[in-house]
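Asker: pasted the sequence and its predicted model underneath.
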Amino acid sequence: MDVLTFGATSSPASAQFVKNRNAEEFAGKFPRAASAIRSRHYVDDYLDSFETNEEAKKVSSEVKWVHAHGGFEIRNWSSNRKAVLDHLGQSPNQATKDLSLRSQSERVLGMLWHTEEDNVLFSTIFREEIAALIGTGTRPTKRQVLKCIMSLFDPLDLLACVLVHGKIMMQNIWRSGIKWDDFVDESVYESWTKWISLLDEVNEVRIPRCYFENASTELYRSLEAHVFVDASEAAYAAVMYFRTTNRYGTAKCALVSAKTKVAPLRYVAIPRLELMAAVLGTRLLVFVRSNHSIRINRVIYWSDSEVTLAWIRSEHRRYRPFVACRVGEILSSSSVNDWRYVPSKLSVSDEATKWGSGPCLSASGRRFNGPTFLQLPEEKWPMPKRSLATTDEQLRACHLHQEVLILRTPIVYERLSNWNRLLHATAYVIRFGTFRNQKGTKGVDSRGNEGSRDIALETDSV
């Protein structure tokens, strides 16, 4: 069982130092509460998770007591357990802060949280000016399209497969060069109609707050992280899942986070975009690791780009700086053995980079539960079709020019008794220009200065 409690204090931003200093004074008596105040507070909000009701009651009471002794009042508690709210003297009705939303739903750090089902929700309730555009067939302006896209708050990019297509549409509007209050053209309007048709599905999305419901500590001992990366001409993306296996061999997967970026306005080749997606995937894993207390025992990256996998497996210094620098960053936070091949049709990140029929937002779909092959034993996972050892893509240019220079001088070598005398004689001839151009024409020396051609060289190219 996992218990989540959420509370808000009335402290302004300038009181953060006092809040932490007050927690340090009681760290000896209440170490868990002091640690929660320092690391589990986000400005004036407190968010924490516990294994049992008893632990939630104990720590929440201690946090409340420590805050009170520092002159801070923590209130508006919310929890997915009624027993915890009763202990804190907070009824579920009093905890509801936004009556315009669905029943038993709360705003937690900007995200909608359904306390009864313990799910994360997304709201598509827009302002009146934006709501009037949806479903009415009215062509929007550049300003209205941007407002609609930015109205969907998704800090973890759980809906990245939907939002990235809105960003691609916005990039196409920028390419057209219209002003903020000009109406979009017909091609963009078709994309707009297709994109807003997904908003009804977004309104029904339910994502469990816990990665694995009723998960024991033993289950997290086999925790794996699977990162899928993909790219197209329009965007590149990475999506991450946690995978665990119980003692019976049954595997479970849960969506953790995702990251998407629109391709640059200037054309970039697909292999380079695939490499940029791989960099995005490694950065996503570093971010998740630094913000989780649970230990990840194994990491696997999946890509459908054989060129990218070949770059990672080869000596990256042989390639041009664009490839060499990015492969170096990838290998700084991952190893070569962490990267595997996956066919495009099995890659989950493919939904964010290619529109097709649109992403599937069903609760039982692969977007939120991972691809089906992760539910199988490892020996049934995809394998590469052929060797990915090397590739000629983006190799450094290597040019070799070779020629033999034969210096004609009036020195009779047979008259010189040793090697040192030959060197001195040859240097003397070259220095003083005894071998002159017969016509005495002017030329340009190696430094670009005009002068007499005192030395003539005969070359035989090879």
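Answerer: Sure thing, it's come through.
Asker: close enough to count as contact, Gln375 and Thr245?
Answerer: No - in terms of CB atoms under 8 Å, Gln375 does not count as a neighbour of Thr245; the distance is 10.0 Å. To be clear about C-beta, it is placed using only N, CA and C from the backbone, and glycine gets the same treatment.
Asker: what do these two both touch?
Answerer: A shared contact of Gln375 and Thr245, defined by CB atoms under 8 Å, 6 or more residues apart in numbering, is any residue touching both; here these are Ala251.
Asker: which strands or helices does the single longest helix found in the chain pack on?
Answerer: Scanning the chain for the helix with the most residues, using DSSP state H, yields helix 270-290. Packed against helix 270-290 by the contact rule (3 or more CB pairs under 8 Å, 6 or more residues apart in numbering; DSSP states H and E) you find strand 224-231, strand 235-245, strand 251-262, strand 298-303, helix 306-313, helix 321-333.
Asker: now those as a markdown table including mean neighbour count and distance to Leu199?
Answerer: As requested, the helices and strands packed on helix 270-290 are arranged in a markdown table below (neighbours: other CB atoms under 10 Å; distance: least, CB to CB, whole Å):
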| stretch | mean neighbour count | distance to Leu199 |
| --- | --- | --- |
| strand 224-231 | 26 | 24 |
| strand 235-245 | 25 | 20 |
| strand 251-262 | 20 | 18 |
| strand 298-303 | 22 | 30 |
| helix 306-313 | 22 | 34 |
| helix 321-333 | 16 | 35 |
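Asker: compare the ones you listed and give me the one nearest Ala131.
Answerer: Checking those against Ala131 by CB to CB gives strand 251-262 as the closest, at 25.6 Å.
Asker: what sits against Arg40?
Answerer: Arg40 sits next to 46-48 when contact means CB under 8 Å, 6+ apart.
Asker: tell me which of those fall in strands.
Answerer: Assignment to strands by DSSP state E places the following of the contacts of Arg40 there: 46-48.
Asker: what's the closest of these to Arg318?
Answerer: Distances from these to Arg318 were compared by CB to CB; the smallest belongs to Leu47, at 48.2 Å.
Asker: so how far is Ile196 from the closest one?
Answerer: Remark: distance between Leu47 and Ile196 (CB to CB, to the nearest Å) = 32 Å.
Asker: next: Lys57.
Answerer: Lys57 is 45 Å from Ile196, where distance means CB to CB.
Asker: got any ranges where the stretch 301-450 of the chain has weak pLDDT?
Answerer: Filtered on pLDDT under 70, the stretch 301-450 of the chain yields the residue ranges 357, 385-392, 394, 396-410, 432-450.
Asker: domains for this structure, by residue range?
Answerer: As assigned by automatic domain parsing, the chain contains the domains 3-121, 128-202, 207-380, 403-461.
Asker: Val256 touches Arg243, doesn't it?
Answerer: No - taking CB under 8 Å as the contact criterion, Val256 and Arg243 are not neighbours in contact, 10.2 Å apart.
Asker: between those two, what contacts are shared?
Answerer: Looking at what touches both Val256 and Arg243 (by CB under 8 Å, 6+ apart), the common residues are Ala225.
Asker: for the nearest residue to Ala237 once chain neighbours are set aside, which residues are in contact?
Answerer: Excluding the flanking residues, the one nearest Ala237 by CB to CB, 6 or more residues apart in numbering is Ala352, at 3.8 Å. If a contact means CB under 8 Å, 6+ apart, then Ala352 has 160-161, 164, 230, 235, 237, 239, 258, 260, 359 as its contacts.
Asker: and the pLDDT at the closest residue to Asn172 other than its chain neighbours?
Answerer: Taking CB to CB, 6+ apart, and ignoring the residues beside it in sequence, Asn172 has Val188 as its nearest neighbour in space, at 5.8 Å. Predicted confidence (pLDDT) for Val188: 90.
Asker: look up how far Trp174 lies from Val188.
Answerer: On the measure of CB to CB, Val188 and Trp174 end up 11 Å apart.
Asker: more neighbours: which of the two?
Answerer: Val188 (21 against 11; other CB atoms under 10 Å).
Asker: report the secondary structure state of that one.
Answerer: Assigned state for Val188: helix (three-state reduction, DSSP: H, G, I helix; E, B strand; the rest coil).
Asker: equivalent analysis for Pro359, please.
Answerer: Here Pro359 takes the coil state, with states given by three-state DSSP.
Asker: contacting residues for it?
Answerer: Going by CB under 8 Å, 6+ apart, Pro359 touches 161-162, 198, 351-352, 367.
Asker: which of those lies closest to Ile296?
Answerer: Each of these was checked against Ile296 using CB to CB; the closest is Arg367, at 21.2 Å.
Asker: mind checking the SS state of that closest one?
Answerer: Three-state secondary structure (criterion: three-state DSSP) places Arg367 in helix.
Asker: what's the separation between it and Leu376?
Answerer: 18 Å.
Asker: more neighbours: which of the two?
Answerer: The neighbour count for Arg367 versus Leu376, taken as other CB under 10 Å, is higher for Arg367 (25 against 11).
Asker: quick one, what contacts that one?
Answerer: Contacts of Arg367 were listed using CB under 8 Å, 6+ apart, and they are 161, 255, 348, 351, 359-361.
Asker: who is the residue lying closest to Met383 once chain neighbours are set aside paired with across the strands?
Answerer: Computed as CB to CB, 6+ apart, the closest residue to Met383 that is not its neighbour in sequence is Tyr341, at 7.2 Å. Counting by DSSP bridges, Tyr341 is bridged to Ser303.
Asker: in this structure Tyr341 contacts Asp304, no?
Answerer: Yes - in this structure, Tyr341 sits in contact with Asp304. The criterion is CB under 8 Å, and the distance is 7.0 Å.
Asker: of these two, who's got more company?
Answerer: Comparing Tyr341 with Asp304 by other CB under 10 Å, the one with more neighbours is Asp304, at 22 against 19.
Asker: where does that one fall, phi/psi-wise?
Answerer: Note on Asp304: backbone dihedrals following degrees, to the nearest 10 are phi -100, psi 10.
Asker: what of Arg107?
Answerer: When read as degrees, to the nearest 10, the backbone of Arg107 gives phi -100, psi 110.
Asker: count of neighbours near it?
Answerer: Residue neighbour count, defined by other CB under 10 Å, stands at 17 for Arg107.
Asker: got a pLDDT number for it?
Answerer: According to the per-residue confidence, Arg107 scores 78 in pLDDT.
Asker: distance of it relative to Arg143?
Answerer: 26 Å.
Asker: and if you look at Ala231?
Answerer: To Arg143, Ala231 is 30 Å away according to CB to CB.
Asker: helices along the stretch 101-250 of the chain, start to end?
Answerer: Across the stretch 101-250 of the chain, reading from the start of the chain, the helices by DSSP state H, counting those that start in this stretch fall at 128-131, 142-150, 160-176, 186-196, 199-202.
Asker: what ranges do the strands span in the stretch 1-150 of the chain?
Answerer: For the stretch 1-150 of the chain, the strands defined by DSSP state E, counting those that start in this stretch occupy 3-9, 41-42, 45-50, 74-79, 105-108, 111-114, 119-121.
Asker: export the ones you listed to JSON lines and append columns for distance to Ala225.
Answerer: Rendered in JSON lines, the data for the strands of the stretch 1-150 of the chain read as follows (distance: least, CB to CB, whole Å):
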{"stretch": "strand 3-9", "distance to Ala225": "23"}
{"stretch": "strand 41-42", "distance to Ala225": "24"}
{"stretch": "strand 45-50", "distance to Ala225": "19"}
{"stretch": "strand 74-79", "distance to Ala225": "29"}
{"stretch": "strand 105-108", "distance to Ala225": "25"}
{"stretch": "strand 111-114", "distance to Ala225": "22"}
{"stretch": "strand 119-121", "distance to Ala225": "20"}
